[in-house]
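Asker: A structural model of the following input is requested.
(chains A and B)
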There are 2 protein chains.
Amino acid sequence: MPEILDALRSTLPAPRLVTDPDVIASYAHDEAEWAPHGTPAALVRAGSTEDVRAVVAACAEHRVPIVPRGAGTGLSGGANALDGCVLLSLEAMNEIVEIDAAERLAVVQPGVVNDALRLAAAEHGLWYPPDPASSPWSTIGGNVATNAGGLCCVKYGVTRDYVLAMEAVVGRGEVVRLGRRTAKGVAGYDLCGLMVGSEGTLGVITEVTVRLRGARAPEHTVVGYFDALREAGEAVSRVTAAGIVPSALELVDRHCLAAVDAWRNMGLSADANVLLLGRTDLPGEAGEAEADAMVALFEEAGATWSARSSDEAEAEALFAARRLAYPALERLGPLLTEDVCVPRALVPEMLTRIEAAASDTGTHIANIAHAGDGNLHPLIIAPAGDDDARVRAQRAFDRIVSDAIDLGGTVTGEHGVGLLKRRGLHAELEPAVIAMHHAVKDALDPAGVFNPGKVFGTP
Amino acid sequence: MPEILDALRSTLPAPRLVTDPDVIASYAHDEAEWAPHGTPAALVRAGSTEDVRAVVAACAEHRVPIVPRGAGTGLSGGANALDGCVLLSLEAMNEIVEIDAAERLAVVQPGVVNDALRLAAAEHGLWYPPDPASSPWSTIGGNVATNAGGLCCVKYGVTRDYVLAMEAVVGRGEVVRLGRRTAKGVAGYDLCGLMVGSEGTLGVITEVTVRLRGARAPEHTVVGYFDALREAGEAVSRVTAAGIVPSALELVDRHCLAAVDAWRNMGLSADANVLLLGRTDLPGEAGEAEADAMVALFEEAGATWSARSSDEAEAEALFAARRLAYPALERLGPLLTEDVCVPRALVPEMLTRIEAAASDTGTHIANIAHAGDGNLHPLIIAPAGDDDARVRAQRAFDRIVSDAIDLGGTVTGEHGVGLLKRRGLHAELEPAVIAMHHAVKDALDPAGVFNPGKVFGTP
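Answerer: Okay, the predicted model is just below:
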């Protein structure tokens, strides 16, 4: 351990290396409160690609694990410290290097916050779509490392769909450029795409080139109240089956709204157990027609009340509540967060199974969901210090994972595997596919230093 | 060599194994007439995943190269036979297994022809966008192996954007499922995406699950006549800079139109050196406005004539001519096909450089281009048997590749590297990135049997 500190001291500018245990401790984990974390040897706040290169080279030489991190808003423990590791924070590399309006792309350092990129693009009449609920805090580097999703993915795709190229430090400290700036390109393997979603296990991303879209038409919002999760799920199925691709289709239950209200006093208390929020960004009459169609489908599915929102401020407040649901619930106790994703037609069935898991295990489960994607986030709440509740929560978690796989779904739609879903990943993927993961990992990380043990564990 | 034949005979149904040299010869190369090919030991016409598994297992045991192929319409030599190899044709696996309209996906065997999938999807009101000009003949397996592009990619992306999952035979004969059926999913590395565009070097694709979109509004077509390539390129730049994303933006020069006319007598002879064909599929008035805007931009860029096509049959004929340009020119002599892709704003500059390369090397170069993508296909024509013309053609080819890289472009936008662009790939990618390719290849193909030497060569 002292060896790596000496090595880092000899190559890094002094302010970049942090050894104060209190500071380090505050960087030692992400927001997955249930995931374990170790004690790092040091924290490096990288300021440049050269800093990252120096850290990787030193760690490869001394065989010390590197755990890269952005803002630490992850929900799976992917950025949690390993004992004796070097925590490598990319937060300080937060420059928007270039926005090329003609080519519709942006080049950014990994520490740029998601919303900051969106704002900068908007100044050029452009739009960066991926919008995880953490967008005011999470960084593009972390978004790319986890292939983050978000609210508008139902229509516009996920982070991977927007990453054109990157600079990364790989292997034993090689700085490489992967991908391209052109609209198309097939020269060699899609190593850039492979890095996206690899959760820091294949290298450290030091610059990202993303595709931008033109700004879109203002959205119309549709709100539906439902008595039961299953009915809201049925509405989602009907919207999908009707061939509608909404620009958002979000589910929020009463527990989430109440928690947000208790925290921010937004006056949200709805006369409903479940809220469905649909949006369309089709321009002109097409948008009006799509919004009306969603209202009708919500009603057919059993909504107790449904309407187009006439007040955009109110609509914005509902979406803000959706985005704040996670931190609001976190105030009630450590959350065990699911991120299952099932085929869209099976959303009602999966929601029913989640309710059964809650009732059979005696756990309290709040629900938010990117329902239009089939991506559900049951949030299992266990009061701090209640060991029995913890055991029951874990049981509910495992059962929901197993139900999702059962329905042809996945254990993680957008949060990543990290530590929390490693077991689920092994249930989901065949041993031969796990073996391919180990082969790729060993091939591209010969020193075994990049976030070892995360995602699929060690053989 | 006889050993592998004995091994295949002992496991494959007899009609699957072909050893007749005349038949084998007709499968020994794709349409890249300039790429060399060897003499295969055998041809297997696989009828099932089990056939493919048996071939891979036998070849891995006997260390015999496998060259997988679909319809053989490739333009880079990727499917060309290696001496002593087993050619593995997937053509006979041509079943559309499933179209799930609610989930908007299709499951197909690799031998399904691109247009056949599009037709089948249309019966459900759905659309499979990737549309290489070879779509009446090329197969989905080949499209996936090369990450094929096409005309509508400028708005709707390439094959990779539509591949959700696949079954593949990898390693020493393991049958694996990669990817997922859900709208989102981040459980592990994107090995499915890695297989897309890997040109048969990482395994053999035996089933593909693709995403479908809803059918779209009828297109409006805009035609522009230009005196010079550079002016047409300028029109492309202006369309892009105006924030228009056309559903197609194709360039065809007089040489191509004349060749198609001479072959199919379509009455196309235009009073122009260069034709630009733009399309929009925005619904209703938005589409009319976008078409009008393109007409105006074509004129600003110097079009001698530009108008919205009032006759959809005529517009269709122009696009058909675009698609037939390659086979029509092939009749004039062996074509050396470029596939460079440059940043969109540099299309005029690249077209100018292509003209300079033609004139400086004394070669005849016809041009078709997915101009809206910056993806240009200069077609270098050398009369058969003229050795001096061949040398000059190769010189023009190398110069265009080098100019494209110079402009921040790529040597291949959509055709793949195969054999023809291996040198270009090495000029484009850094040695450290080439090393990553070899590491991944060695990790996932431990027996070294999958299309060895293609794309990036041997170390």
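
Asker: excluding sequence neighbours, find me the nearest residue to A:Y225.
Answerer: On the basis of Cβ to Cβ, 6 or more residues apart in numbering or on different chains, the spatially nearest residue to A:Y225 that is not a chain neighbour turns out to be A:A272, at 3.3 Å. The C-beta positions use only the backbone N, C-alpha and C, and glycine is treated the same way.

Asker: and what of A:C85?
Answerer: Across the structure, with Cβ to Cβ, 6+ apart as the measure, the residue nearest A:C85 apart from its sequence neighbours is A:P65 (4.1 Å).

Asker: burial count for that neighbour?
Answerer: The burial count assigned to A:P65 is 23, neighbours taken as other Cβ atoms under 10 Å in any protein chain shown.

Asker: kindly report the same for A:A54.
Answerer: By other Cβ under 10 Å, the residues close to A:A54 number 22.

Asker: who are the packing partners of the helix or strand where it lies?
Answerer: Under the criterion DSSP states H and E, the helix or strand holding A:A54 is helix A:49-62. Contacting helix A:49-62 under the criterion 3 or more Cβ pairs under 8 Å, 6 or more residues apart in numbering or on different chains; DSSP states H and E are the following elements: helix A:2-11, strand A:66-69, strand A:86-89, strand A:163-170, strand A:204-211.

Asker: what's it in contact with?
Answerer: Among residues not part of helix A:49-62, those counted as contacts by Cβ atoms under 8 Å, 6 or more residues apart in numbering or on different chains are A:3-4, A:7-8, A:11-13, A:16, A:44, A:46, A:64-66, A:86, A:88, A:90, A:167, A:169-173, A:175, A:203-204, A:206-207, A:447, A:449.

Asker: now with 7 Å, please.
Answerer: Residues outside helix A:49-62 that contact it (Cβ atoms under 7 Å, 6 or more residues apart in numbering or on different chains) are A:3-4, A:7-8, A:11-12, A:16, A:44, A:46, A:66, A:86, A:88, A:167, A:169, A:172-173, A:175, A:204, A:206, A:447, A:449.

Asker: repeat for stretch A:128-144
Answerer: With Cβ under 7 Å, 6+ apart as the contact definition, stretch A:128-144 has outside contacts at A:70-71, A:73-74, A:90-91, A:106, A:108, A:110-115, A:117-118, A:121, A:148-153, A:156, A:158-159, A:162-163, A:196, A:205, A:208, A:210, A:212-213, A:323, A:326.

Asker: same question for stretch A:383-400.
Answerer: Taking Cβ under 7 Å, 6+ apart as the criterion, the residues outside stretch A:383-400 that touch it are A:333-334, A:336, A:338, A:340, A:354, A:357-358, A:361-363, A:365, A:378, A:380, A:382.

Asker: so what's the residue count around the closest residue to A:R422 other than its chain neighbours?
Answerer: Excluding the flanking residues, the one nearest A:R422 by Cβ to Cβ, 6+ apart is A:G457, at 5.5 Å. Neighbourhood size, A:G457 [other Cβ under 10 Å]: 16.

Asker: then A:G385?
Answerer: Under the neighbour criterion other Cβ under 10 Å, A:G385 is assigned a count of 9.

Asker: for it, phi and psi?
Answerer: With angles defined as degrees, to the nearest 10, A:G385 sits at phi 80, psi 0.

Asker: in PyMOL, select just the buried ones from the contacts of helix A:49-62.
Answerer: Here is the PyMOL command that picks out the buried ones among the contacts of helix A:49-62, judged by 16 or more other Cβ atoms under 10 Å in any protein chain shown:
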select buried, chain A and resi 4+7+8+12+16+44+46+66+86+88+167+169+173+175+204+206+447+449
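
Asker: pLDDT on the helix or strand harbouring A:C192, on average?
Answerer: In this assignment (DSSP H and E), A:C192 forms part of helix A:191-195. The predicted model assigns helix A:191-195 a mean pLDDT of 98.

Asker: cool, stretch A:203-213 as well?
Answerer: For stretch A:203-213, the mean pLDDT works out to 98.

Asker: what's the answer for stretch A:391-399, then?
Answerer: Predicted confidence along stretch A:391-399 averages 97 (mean pLDDT).

Asker: OK, contacts around the nearest residue to A:T139 once chain neighbours are set aside?
Answerer: Take A:T139 and drop its neighbours on the chain: the residue closest to it by Cβ to Cβ, 6+ apart is A:G70, 3.5 Å away. Neighbouring residues of A:G70 by Cβ under 7 Å, 6+ apart: A:90-91, A:110-111, A:138-139, A:141-142.

Asker: of all these, which comes closest to chain B?
Answerer: Proximity to chain B was ranked across the contacts of A:G70 by Cβ to the nearest Cβ; first place goes to A:G142, at 12.9 Å.

Asker: that closest one: neighbouring residues, count only.
Answerer: If you count neighbours by other Cβ under 10 Å, A:G142 ends up with 33.

Asker: next one: A:A14
Answerer: Neighbourhood size, A:A14 [other Cβ under 10 Å]: 6.

Asker: do A:G362 as well
Answerer: When neighbours are defined as other Cβ under 10 Å, A:G362 has 12 of them.

Asker: same check on the one 10 residues further on?
Answerer: The criterion is other Cβ under 10 Å. On that basis, A:G372 has 28 neighbouring residues.

Asker: I'd say it and A:L249 touch.
Answerer: Yes. Contact status for A:G372 versus A:L249: in contact at 3.0 Å, counting by Cβ atoms under 7 Å.

Asker: spit out the residues that contact these two alike.
Answerer: Shared contacts of A:G372 and A:L249, counting by Cβ under 7 Å, 6+ apart, come down to A:154, A:236, A:239.

Asker: which one is the last one nearest to, not counting chain neighbours?
Answerer: Once flanking residues are discounted, A:V239 sits nearest to A:L297: 5.3 Å by Cβ to Cβ, 6+ apart.

Asker: what does the one you found show for phi and psi?
Answerer: Per degrees, to the nearest 10, the backbone of A:L297 is at phi -70, psi -40.

Asker: just checking, it touches A:A235?
Answerer: Yes. Using Cβ under 7 Å, A:L297 makes contact with A:A235 at a distance of 6.1 Å.

Asker: more neighbours: which of the two?
Answerer: Using other Cβ under 10 Å, the more surrounded residue of A:L297 and A:A235 is A:A235, with 29 against 24.

Asker: immediately after the one helix or strand that one maps to, which helix or strand?
Answerer: Taking DSSP H and E as the criterion, A:A235 maps to helix A:229-241. Using DSSP H and E, the helix or strand that follows helix A:229-241 in sequence is strand A:248-253.

Asker: that following strand vs helix A:229-241, what angle?
Answerer: Angle between the axes of strand A:248-253 and helix A:229-241 is 170 degrees (criterion: axes from the mean of the first three to the mean of the last three Cα atoms, to 10 degrees).

Asker: so which elements touch strand A:248-253?
Answerer: Using 3 or more Cβ pairs under 7 Å, 6 or more residues apart in numbering or on different chains; DSSP states H and E as the contact criterion, the elements in contact with strand A:248-253 are helix A:229-241, strand A:274-280, helix A:312-330, strand A:364-370.

Asker: tabulate those (a markdown table), appending mean pLDDT.
Answerer: Formatted as a markdown table, the entries for those read as follows, by pLDDT from 0 to 100:
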| stretch | mean pLDDT |
| --- | --- |
| helix A:229-241 | 94 |
| strand A:274-280 | 95 |
| helix A:312-330 | 87 |
| strand A:364-370 | 96 |
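
Asker: lovely, talk soon.
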